[in-house]
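Q: What would the 3D arrangement of this be:
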Amino acid sequence: MTLAKQFGYAIKLFGRIFALKAVQLVTIGLALAIVSPLVFFYFVRPKPATHINYGVNFSQKYATELGLDWKKSYTQILDDLKPKYARLVVYWDISEPQISNYNYSDIIWQLDEAKKRDVKVILTMGRKVLRYPECHEPNWWKQSTDNQFKEDALLKYIETTTNQLKSYANIFMWQVENEPMYPFGDCQKQTKETVEKEVAVVKSLDARPIMIQDSGEGGFWRPDYLLGDYLGISMYRRTWYKFFYFNYPLAHWTYKVKAVLTGVPVEKIIVTELQGEPWGPVINSKLTEEEKQKSMSKQQFLETISYAQKSGFNNIYFWGAEWWLWEKEVNNNPFYWETAKAVIQN
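A: Just a heads-up that it's a prediction; the model follows:
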């Protein structure tokens, strides 16, 4: 048989095989399996936001741990970086060091300073809030073994805090707990039922929206989002995990696609923690220059900002402003401060 005849025979055989209904169905199924993800991605792919509202996080505890004067650091951040948005935190162990003995002077001062500069605030409160060890409960609460007493005390604290601070018009959103369902930090386990009660207390006292935070990388998102009105997420690129550094293998479009797949409206998501500092085995002020470069070199800082800008979210809060100030004033390295300043004020 000549080569031409062999080829013609093969074509006829292929035609007969493809004429079989089962083969047609399989072929169509494979084509859909290949094309459908591409079509899905085409419609949900993120486009860089035309306008981004940049904010900063601030923790008086972290500034103090870095060896800075936390009040001076806070006003320097507000006056030099000039953010229009800030995420602040009410630490329970500072605000209620003894049971029913409340002292809100530190957060009142922060809110007053923000108000003077017309800075809008997301205010975080609860057991689990910003900065390691994540949970910042007072000792009298941690030492109790009565779970009902502990829940009642927590809800009373949430009620008192809301009533004490709700007069500040520059608070535009409450955050109840920080990654309450995500297993990170030195914390006693939190339950969904207790967080629901905390949210209910705030809603009964004030009409402003409530945000619940989840891990942008490891969280399930929708369960936390359903607890409140908005979802806060982290955006980390390289972190330290016990004995090694871990690079998250996530493209910038991952977060938008995850929002669609989990049924969380993109417009209801705030990037509350954009990694802007190293994450190493010890506090950043103790890291060597070589160690800092492993998780937040100058190039990584620029790449992380670009990554976030391409993710498609309109509200992005930097994590690490206290460290930028430490680098500038203690380590004579103004790069991170000046770069962030240019981005925030653009």
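
Q: For T254, see how far away the residue nearest to L250 when sequence neighbours are not counted is.
A: By the measure of Cβ to Cβ, 6 or more residues apart in numbering, the closest residue to L250 outside its immediate chain neighbours is E217, 6.7 Å from it. All C-beta atoms are positioned from the backbone trio N, CA, C, and that covers glycine. Distance of E217 to T254, given as Cβ to Cβ, to the nearest Å: 9 Å.

Q: ok, now L154?
A: Counting by Cβ to Cβ, the separation of L154 from T254 is 34 Å.

Q: re earlier: counting neighbours, go ahead and name the busier of E217 and T254.
A: A direct count of neighbours by other Cβ atoms under 10 Å for E217 and T254 places E217 higher, at 19 against 16.

Q: for whatever helix or strand L302 lives in, which positions count as buried?
A: Secondary structure from DSSP states H and E places L302 in helix 298-310. By neighbour count on 16 or more other Cβ atoms under 10 Å, the buried set for helix 298-310 is Q300, F301, T304, I305, Y307, A308, Q309, K310.

Q: From A153, how far out is the closest residue to I210 other than its chain neighbours?
A: Closest residue to I210 apart from its sequence neighbours, by Cβ to Cβ, 6+ apart: G228 at 3.9 Å. Applying Cβ to Cβ, the value for G228 to A153 is 22 Å.

Q: higher neighbour count, these two?
A: Comparing G228 with A153 by neighbour count (other Cβ under 10 Å), the higher total belongs to G228, at 24 against 20.

Q: Identify the residues contacting the more buried one.
A: Contact partners of G228, counting by Cβ atoms under 8 Å, 6 or more residues apart in numbering, are V176, V199, P209, I210, M211, I212.

Q: can you rerun that using 7 Å?
A: With contacts taken as Cβ atoms under 7 Å, 6 or more residues apart in numbering, G228 has the following neighbours: V176, V199, I210, M211, I212.

Q: So in terms of bridging, what pairs with the first one?
A: With beta bridges defined as DSSP bridges, V176 has these partners: M125.

Q: In this structure it contacts Q213, no?
A: No: when contacts are counted by Cβ atoms under 7 Å, V176 is not listed as touching Q213 (9.0 Å).

Q: For those two, indicate the residue with more neighbours.
A: Here V176 and Q213 are set side by side on neighbour count (other Cβ under 10 Å), and the busier one is Q213, at 31 against 27.

Q: Quick check: closest non-adjacent residue to W326.
A: Taking Cβ to Cβ, 6+ apart, and ignoring the residues beside it in sequence, W326 has L66 as its nearest neighbour in space, at 4.7 Å.

Q: From E338, how far out is that neighbour?
A: Here the criterion is Cβ to Cβ. By it, L66 lies 18 Å from E338.

Q: before we move on, what about V282?
A: Applying Cβ to Cβ to V282 and E338 gives a distance of 26 Å.

Q: Neighbour count for those two, which is higher?
A: Comparing V282 with E338 by neighbour count (other Cβ under 10 Å), the higher total belongs to E338, at 14 against 11.

Q: Relative to E327, how far out is the more buried one?
A: Noted for E338: a distance of 10 Å to E327, by Cβ to Cβ.

Q: What of I77?
A: Separation of I77 from E327 (Cβ to Cβ) stands at 13 Å.

Q: So what touches stretch 255-266?
A: The contact list for stretch 255-266 (Cβ under 7 Å, 6+ apart) reads V44, P46, G216, F220, W221, R222, Y225, L231, I233, I269, S311, G312.

Q: And what about P83, helix, strand or coil?
A: The three-state assignment at P83 reads coil, by DSSP: H, G, I helix; E, B strand; the rest coil.

Q: thought it was touching V56?
A: Yes: here P83 reaches V56: they are 4.7 Å apart, a contact under Cβ under 7 Å.

Q: ok, Q309 - contacts?
A: Listed by Cβ under 7 Å, 6+ apart, the contact partners of Q309 are P48, I52.

Q: what about the helices in the stretch 1-150 of the chain?
A: For the stretch 1-150 of the chain, the helices defined by DSSP state H, counting those that start in this stretch cover 3-19, 21-44, 60-65, 70-76, 92-95, 105-116, 139-142, 147-165.

Q: Mean pLDDT lowest where, among these?
A: Across these, helix 21-44 has the smallest mean pLDDT, namely a mean of 52.

Q: what's the distance between the helix or strand hosting V257 and the middle of its chain?
A: Secondary-structure assignment from DSSP H and E places V257 in helix 254-262. For helix 254-262, the gap between its own C-alpha mean and the chain's C-alpha mean amounts to 15 Å (Cα atoms, centre = their mean, to the nearest Å).

Q: any weak-confidence spans in the stretch 101-250 of the chain?
A: Applying pLDDT under 70 to the predicted model, the stretch 101-250 of the chain contains no residue that meets it.

Q: Mind checking which of I77 and E327 has more residues around it?
A: I77 (25 against 21).

Q: residue contacts, the residue nearest to L250?
A: Counting by Cβ under 7 Å, 6+ apart, E217 makes contact with S234, Y236, Y248, L250.

Q: List just the nearest of those residues to K189.
A: S234 (20.2 Å; Cβ to Cβ).

Q: And that closest one, how far from Y248?
A: Remark: distance between S234 and Y248 (Cβ to Cβ) = 10 Å.

Q: Which of these two has more residues huddled nearby?
A: Between S234 and Y248, counted using other Cβ under 10 Å, the more crowded position is S234 (22 against 15).
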